[in-house]
Structure formats: C-alpha cells, structure tokens
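In: below is the sequence, then the predicted model.
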Amino acid sequence: MENTTLIHRLSRREDLEPLRALMALAITELQKPFLDESQIASSRTIMGLDTQLIDDRTYFIVESDGMLAGCGGWSRRSTLYGGDQSPGRSAALLDPAKDAARVRAMYTHPRHTRKGVGKLIVSLCEKAAKSEGFKRMELMATMAGEPLYIACGYEPCERIINDRGGVAVPLLRMRKAF
C-alpha cells in the first residue's frame, strides 16, 4: 500500500458536479466484476447522490493529493439508500433510541480502492452517529461494497433484488451494533 495522506471534510453544494462524476465512474467501473452492463445501467437509477445528506451536513469527501478519492456519509433519516432520482425515499427522522442510523452513498474513485478511503468514511460516519446517540448502523451494500463492510464489522441480514431501475440488481442489507 502506498503511503498516501487522506484528508476529509464535509461536502458542500459546490461539490455536486465532482461528486456526481465520481459516483458515475465508481458505479460503472467498480461494479463490472459483479454486474452485467444492463444491471450497471439499472444501478444508476437506484444509486447516487442524496443531496439531503449534504444539507444535513452528514456527507464527507475524502481527498488524496488534491484529488477526490471518495465520498460517503450517514443519515439520521429513514431512507436506507438511493439518490435524489430514486423512487421511494423518505426524509422522516429516525429515533436514535430505537432506530439504526444509515451509512449512505459510499463511493471510491477506482484509482483509490484499497487505500483506506472506505474505512475512513465508515469510521467518520460511525463516530458522528454515535455522537447523536445512535447505537446501531445499517446500510444497503452493493456486491462490490460487501467486502469493505464486512471488514468494518457489518453483518449481512437480508439479500434483496432491486428492479426499480428496469433490471434486477442484487443488494445486501447489513448492520452493526456499537
């Protein structure tokens, strides 16, 4: 592993275009070993940026040598996954005493995989959620993301198929208690 310094900050509305470009690249490239072209196209409908996370100040950017290396966040809202364009979203607030916070919209630039970007974002999300009283986290993993989340201590709890983008895409619901 090369010795790279990762820096992080909260994202801002000015970051929208670079974030969307990173997400498109990550969906296209990192899903190739797991999904066919039609599933990758379908993934673009069910994945992506939820700007509510930016407005809630719960969405992080990670940079390496001035380059956007990854992004991801957490949420105190009901929606488990999906971007602004995804059907079925809910902005209802979760109750930290009984609900799990959500890890949301995690993407790593293909040139920065396996360099600690994902683990850094997950740790930032967990720390922030704990500070608001949450005792558990939940997420919906892509097949490409599953190894990262297992390495971070998340356990699979439900395999689903999402066909809202026109073609069936396998996903894995995972959770972790603190």
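Out: Received the coordinates, thanks.
In: ok, and for the helix or strand where Gly70 lies, which residues are buried?
Out: Per DSSP states H and E, Gly70 falls inside strand 67-75. Buried residues in strand 67-75, counted by 16 or more other C-beta atoms under 10 Å: Leu68, Ala69, Gly70, Cys71, Gly72, Gly73, Trp74, Ser75. C-beta: built from backbone N, CA, C; applies to glycine.
In: element containing the residue nearest to the fifth one when sequence neighbours are not counted, please.
Out: Translated: Gly72. Closest residue to Gly72 apart from its sequence neighbours, by C-beta to C-beta, 6 or more residues apart in numbering: Met106 at 3.5 Å. Per DSSP H and E: Met106 is located in strand 101-108.
In: which is the succeeding secondary structure element to that strand?
Out: Later in the chain than strand 101-108, the nearest helix or strand by DSSP H and E is helix 117-131.
In: what's the angle from that following helix to strand 101-108?
Out: Between helix 117-131 and strand 101-108, the angle comes out at 160 degrees (axes from the mean of the first three to the mean of the last three C-alpha atoms, to 10 degrees).
In: other residues contacting the lowest-mean-pLDDT helix or strand in the chain?
Out: Using mean pLDDT, DSSP states H and E, helix 37-46 stands out as the lowest-scoring helix or strand of the chain, at a mean of 94. Contact with helix 37-46 is made by 24, 27-28, 31-32, 35, 81-82, 85-86, 142, 162-169, as judged by C-beta atoms under 8 Å, 6 or more residues apart in numbering.
In: mind listing what's buried in that helix?
Out: Under the neighbour-count criterion of 16+ other C-beta under 10 Å, helix 37-46 has Gln39, Ile40, Ala41, Ser42, Ser43, Arg44, Thr45, Ile46 buried.
In: do the same with stretch 16-23
Out: Under the neighbour-count criterion of 16+ other C-beta under 10 Å, stretch 16-23 has Leu19, Leu22, Met23 buried.
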